[in-house]
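> fold the stuff below for me.
(one chain, ligands or ions: 1)
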Amino acid sequence: MLQKSDPRNDTIKIYIDGQIVPRENAKVSVFDSVVQGGDAVWEGLRVYNGRVFGLQEHLDRLFDSAHIMRFTGIPARENVRAAIRKTLETNDMHDGVHIRLTLTRGKKITSGMDPRLNQAGCCLIVLAEHKPPVYPESISLRTSSIRRNSPMSVDSKIHHNNLINNILAKIEANDAGADAGLMLDKDGFVSEANGVNVFVIRRGEVRTPYADYCLPGITRAKVLALCAEHNIPCREARISVSEFYVADEVFTTGTMGELTRVHAVDGRDIINKHEISVLDSVKTIFREATEREGVRIEDL
Ligand code: PMP
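Reported below is the predicted structural model:
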């Protein structure tokens, strides 16, 4: 699965460091921390029908990540909201939109690793694109040899731009002809796929790995909450790859692709031994939530 460019995005305008500019002029300095060390934090958000879905949760995670990274000169929450509003209004975007929100540690006075070289404050980027959910109806996964980071190295709770770990897993998946790499923790239990969280359903129960090694995804949290609300058995658990092979249904969650069915893991077809699909029900209640929830663009 390879995303295609959308001609509607050829003329979009992008918010960068306080200015709205055409995409060809939206550039960061070579002295910016994101260029020098992947030293930035980010969020992916979606706009449904004039509303930004999960705004509070995404901004909370962005500010938490920036605080953990000890950024200085972090913009106020209302300024980030205003930047998102300005970007969406300038581009006349209301629906089927994905926003890549990036906050870098900002420009350095000279190249180097030391954050004390960053004396200009953070750089905020709001990149909004026309982008309906990117995954096809179903995808395949391939277990990766690359382990997901643990709190022993870089804590997966930080949503940072240093994505090399995940990119290496994606390369392996590409080489194996799979859509995404399934990443394990240091003990061999599943943590997540390279850019999405993962769930299994077996005998009517929905399970997802603890967020020890995976990003605690906003969509993942939403699915857990919606299942609880609708009395669908659902819990966090340690789950092995074998349990994925024999699950009735497997799915991934993420802002980019929403909820996506997995039809095969490591060449094993995922076979539903039950007549009903719990995933179809979860997808329906998630879609309903996207239709009614979210912060209206004019209220940003
Ligand atoms: N895992 C990883 C590694 C990700 O990069 C993402 C997307 N940001 C997710 C999971 C899904 O998270 P969310 O539901 O918050 O989009």
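> C-alpha from now on. contacts and neighbour counts both.
Fine.
> domain map for this structure?
When the chain is parsed into structural domains using automatic domain parsing, the resulting residue ranges are 7-130, 138-291.
> between those domains, which one is nearest to residue 297?
Ranking these by distance to residue 297, with CA to CA as the measure, places domain 7-130 first at 5.7 Å.
> distance between the closest one and the chain's centre?
14 Å (CA atoms, centre = their mean, to the nearest Å).
> for the stretch 101-250 of the chain, what lies in contact range of the ligand?
Contact residues, the stretch 101-250 of the chain versus the ligand (CA under 6 Å from any ligand atom): 194, 195, 196, 197, 215, 217, 218, 219, 220.
> please redo it, this time with the cut-off set to 8 Å
Of all the residues in the stretch 101-250 of the chain, those in contact range of the ligand (CA under 8 Å from any ligand atom) are 159, 163, 166, 192-197, 214-221.
> looking at these, which are in helices?
Among these, the members falling in helices are 166, 218, 219, 220, 221 (criterion: DSSP state H).
> quick one: buried ones out of these?
Buried members of these, scored by 16 or more other CA atoms under 10 Å, are 166, 218, 219, 220.
> check contacts around residue 198.
The contact partners of residue 198, taken as CA atoms under 8 Å, 6 or more residues apart in numbering, are 191, 192, 208, 209, 250, 251, 252, 253.
> okay, those residues in TSV with secondary structure next?
Output for those, formatted as TSV (DSSP: H, G, I helix; E, B strand; the rest coil):
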residue	secondary structure
191	strand
192	strand
208	strand
209	strand
250	strand
251	strand
252	strand
253	strand
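> reformat these as a markdown table; add pLDDT.
Formatted as a markdown table, the entries for the contacts of residue 198 read as follows, by pLDDT from 0 to 100:
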| residue | pLDDT |
| --- | --- |
| 191 | 98 |
| 192 | 98 |
| 208 | 98 |
| 209 | 98 |
| 250 | 98 |
| 251 | 98 |
| 252 | 98 |
| 253 | 98 |
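> between these, which is nearest residue 11?
residue 253 (29.8 Å).
> the closest one and residue 218: what is the separation?
Per CA to CA, to the nearest Å, residue 253 is found 9 Å from residue 218.
> again, but for residue 29
Residue 29 sits 31 Å away from residue 218 when distances are taken as CA to CA.
> likewise for residue 167?
Here residue 167 is placed at a distance of 21 Å from residue 218 (CA to CA).
> before we move on, the earlier item: weed out the non-buried ones from the residues of the stretch 101-250 of the chain next to the ligand.
Buried, going by 16+ other CA under 10 Å: 159, 166, 192-197, 214-220, out of these.
> what is the closest residue to residue 58 other than its chain neighbours paired to in the beta sheet?
Here the nearest residue to residue 58 in space, its sequence neighbours aside, is residue 43; by CA to CA, 6 or more residues apart in numbering that works out to 6.4 Å. For residue 43, the beta-bridge partners under DSSP bridges are residue 101.
> OK, contacts around residue 43?
Taking CA under 8 Å, 6+ apart as the contact definition, residue 43 lies against 58, 59, 61, 62, 99, 100, 101, 102, 159.
> taking these, please make a ChimeraX selection of just the buried ones.
To isolate the buried members of the contacts of residue 43 in ChimeraX, using 16+ other CA under 10 Å:
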select :58,59,61,62,99,100,101,102,159
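> ok, of the buried ones among the ones in helices among the residues of the stretch 101-250 of the chain next to the ligand, which one's closest to residue 177?
Nearest member of those to residue 177, counting by CA to CA, is residue 166, at 16.5 Å.
> phi, psi of the residue lying closest to the closest one once chain neighbours are set aside?
Nearest residue to residue 166 in three dimensions, chain neighbours excluded: residue 194, at 4.8 Å (CA to CA, 6+ apart). Comment: the main-chain dihedrals of residue 194 come out as phi -60, psi -20, following degrees, to the nearest 10.
> report the separation between residue 194 and residue 266.
Here residue 194 is placed at a distance of 15 Å from residue 266 (CA to CA).
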